[in-house]
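K.L.:
Sequence unavailable; structure follows:
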């Protein structure tokens, strides 16, 4: 049998991060062998070479345009935006949502009534035909569910029943209105991470720094594949959630 490469070696071969390798294997984009009691990922040179030459490799590398400031992220990304003020929050939200509408994707806004009204007004000023988009079902509005489990079912139901691409924007202060605790937030974000979002899907969860505690912000960074902060998007490299709910770093 061919010599098997570990995650680090495969990441170096493909010139991506180790987290990206894990995500591609989780979503089925990249084949791997599972070896040993810990079922560590292992790769053959021939499989990695075939991946580079395939159409599957082109989409994750190219990324999907987010809208704001020319930023892009891999399809299936679960992004947290740590917003430093209302102007930045609005700019990122409106640009992200508008780009999805222009690209023909189904867009879902999960936010309080006040926040949603502000976003819709700003979209209207940009020339978006908001009411027409809503009537056609392309633009969906939600105030969020009462429990993390119900919210997870709603969001994953949207993904499963959509065939033209979907992006979700959540202003996470809506969870404060529902009386959610940090543990509730964490259950929702972990559930979305563990569901292996398809490449035609993007999630952007906005956490306002002046509305959430330091522990909640740290939780947000730990439970998303990417973080957007001060105009830069970066992959979360250091932690990933395991199915049992604790955090660990995979070293094989």
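P.N.:
Alright, I've got the coordinates. None of the values given here were measured: they were computed from a predicted structure.

K.L.:
Is residue 114 part of a helix or strand, or is it coil?
P.N.:
helix (DSSP: H, G, I helix; E, B strand; the rest coil).

K.L.:
host element of residue 210?
P.N.:
Under the criterion DSSP states H and E, no helix or strand holds residue 210.

K.L.:
residues in contact with it?
P.N.:
Residues in contact with residue 210 (CB atoms under 8 Å, 6 or more residues apart in numbering) are residue 85. In short, each C-beta sits where N, CA and C put it, glycine included.

K.L.:
and if you look at residue 43?
P.N.:
When contacts are counted by CB under 8 Å, 6+ apart, residue 43 touches 4-6, 9-10, 13, 30-33.

K.L.:
For residue 140, list each beta-bridge partner.
P.N.:
Bridge pairing for residue 140 (DSSP bridges) gives the partners residue 108.

K.L.:
Look up how far residue 51 lies from it.
P.N.:
For residue 140, the distance to residue 51 (CB to CB, to the nearest Å) stands at 35 Å.

K.L.:
What residue spans form the domains of the chain?
P.N.:
Domain ranges of the chain: 4-61, 63-248, per automatic domain parsing.

K.L.:
which of the contacts of residue 43 count as buried?
P.N.:
Buried members of the contacts of residue 43, scored by 16 or more other CB atoms under 10 Å, are 4-6, 9-10, 13, 30, 32.

K.L.:
Out of the contacts of residue 43, name the ones that lie in helices.
P.N.:
Judged by DSSP state H, these include 9-10, 13 as members of helices.

K.L.:
Quick check: of these, which lies closest to residue 26?
P.N.:
Residue 26 has its nearest neighbour among the ones in helices among the contacts of residue 43 in residue 10, at 13.8 Å by CB to CB.

K.L.:
hang on, the closest one packs against residue 22?
P.N.:
No. Between residue 10 and residue 22 there is no contact, the gap being 9.9 Å when judged by CB atoms under 8 Å.

K.L.:
okay, and the common contacts of these two?
P.N.:
Contacts common to residue 10 and residue 22, judged by CB under 8 Å, 6+ apart, are residue 41.

K.L.:
Just say helix, strand or coil for residue 48.
P.N.:
Under the three-state scheme (three-state DSSP), residue 48 adopts helix.

K.L.:
What count of nearby residues applies to it?
P.N.:
Neighbour count of residue 48, defined by other CB atoms under 10 Å: 20.

K.L.:
Show the contacting residues for it.
P.N.:
Contacts of residue 48 by CB under 8 Å, 6+ apart are 5, 10, 13-14, 30.

K.L.:
Nearest to residue 72 among these?
P.N.:
Of all the contacts of residue 48, residue 72 sits closest to residue 14, with 17.9 Å by CB to CB.

K.L.:
how many other residues sit next to the closest one?
P.N.:
Residues lying near residue 14 (other CB under 10 Å) number 20.
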